[in-house]
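> all I have is the shape, not the residue letters:
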């Protein structure tokens, strides 16, 4: 126990190291007393700055989400408008095709009708020409057979009879009577 007391007595003795450590401790306490409020204020300022930056980042994120939703809405509207324009163009194209088809059919009908009328007119001219030629041939043949000249009334009657016979032969499908 005496060793223990001797050693503990050395611990309680004031020596130069203890004084230096005590002075260092007091200086450290004074420095901390002076610096701690400033460090605390700087830490609080930094904490406020970080909180403000976090709030700004959150606001920016919310703003970006709102803009994204707005852009998606505009894109959806643009797609709907594009679809509507395409549908309108398809309807217009269908209408133009239908109108063109109708005009083509009308033109074809007009051309066919015109051709039919031309054919009918040409047929009538051919019939009249044949009748005139037949009448001339009948008159010439009749004059040769009778070898006398007829008066106009007899001549006209003979022509009308010949024309009627030719007309009835032409209307009967072109059959010849022999």
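Yep, it's here. Computed from a predicted structure; not experimentally measured.
> in the chain, where is pLDDT below threshold?
Residue ranges of the chain with pLDDT under 70: 1-12, 144-150, 170-178.
> can you map out the strands along it?
All residues of the chain lie outside strands when identified by DSSP state E.
> centre-most residue in it?
In the chain, the residue lying closest to the centroid (CA atoms, centre = their mean) is residue 86, at 2.3 Å.
> pull up the gap between it and residue 66, please.
Look at residue 86 and residue 66: by CB to CB, to the nearest Å, they are 30 Å apart. For the C-beta atoms, the positions are set from N, CA and C on the backbone; glycine is no exception.
> and the helices in this structure?
2-12, 16-146, 152-171 (DSSP state H).
> deepest-packed of these, please.
Stretch with highest mean neighbour count among the helices of the chain: helix 152-171 (a mean of 13; mean count of other CB atoms under 10 Å).
> what's in contact with stretch 79-93?
The contact list for stretch 79-93, computed with CB atoms under 8 Å, 6 or more residues apart in numbering, is empty.
> now that stretch, how far from the chain's geometric center?
4 Å (CA atoms, centre = their mean, to the nearest Å).
> what's the answer for stretch 110-121, then?
With CA atoms, centre = their mean, you get 44 Å for stretch 110-121.
> try stretch 40-56
That offset, for stretch 40-56, works out to 55 Å (CA atoms, centre = their mean).
> how close does residue 89 get to residue 82?
With CB to CB as the criterion, residue 89 and residue 82 are 10 Å apart.
> I meant to write residue 18 there.
89 Å.
> residue 91 now?
Taking CB to CB, one finds residue 91 at 15 Å from residue 82.
> one more: residue 34?
71 Å.
> got it, and residue 29?
76 Å.
> list the residues that contact residue 168.
Counting by CB under 8 Å, 6+ apart, residue 168 has no contacts.
> quick one: it from residue 130, how far?
14 Å.
> show me the contact partners of stretch 120-135.
159, 162, 163, 166, 167, 170.
> between the residues you listed, which is nearest residue 96?
Nearest to residue 96, judged by CB to CB, of these is residue 170 at 49.2 Å.
> just the contacts of stretch 120-135 now: which is nearest residue 143?
Closest to residue 143, out of all of the contacts of stretch 120-135 and judged by CB to CB, is residue 159, at 12.1 Å.
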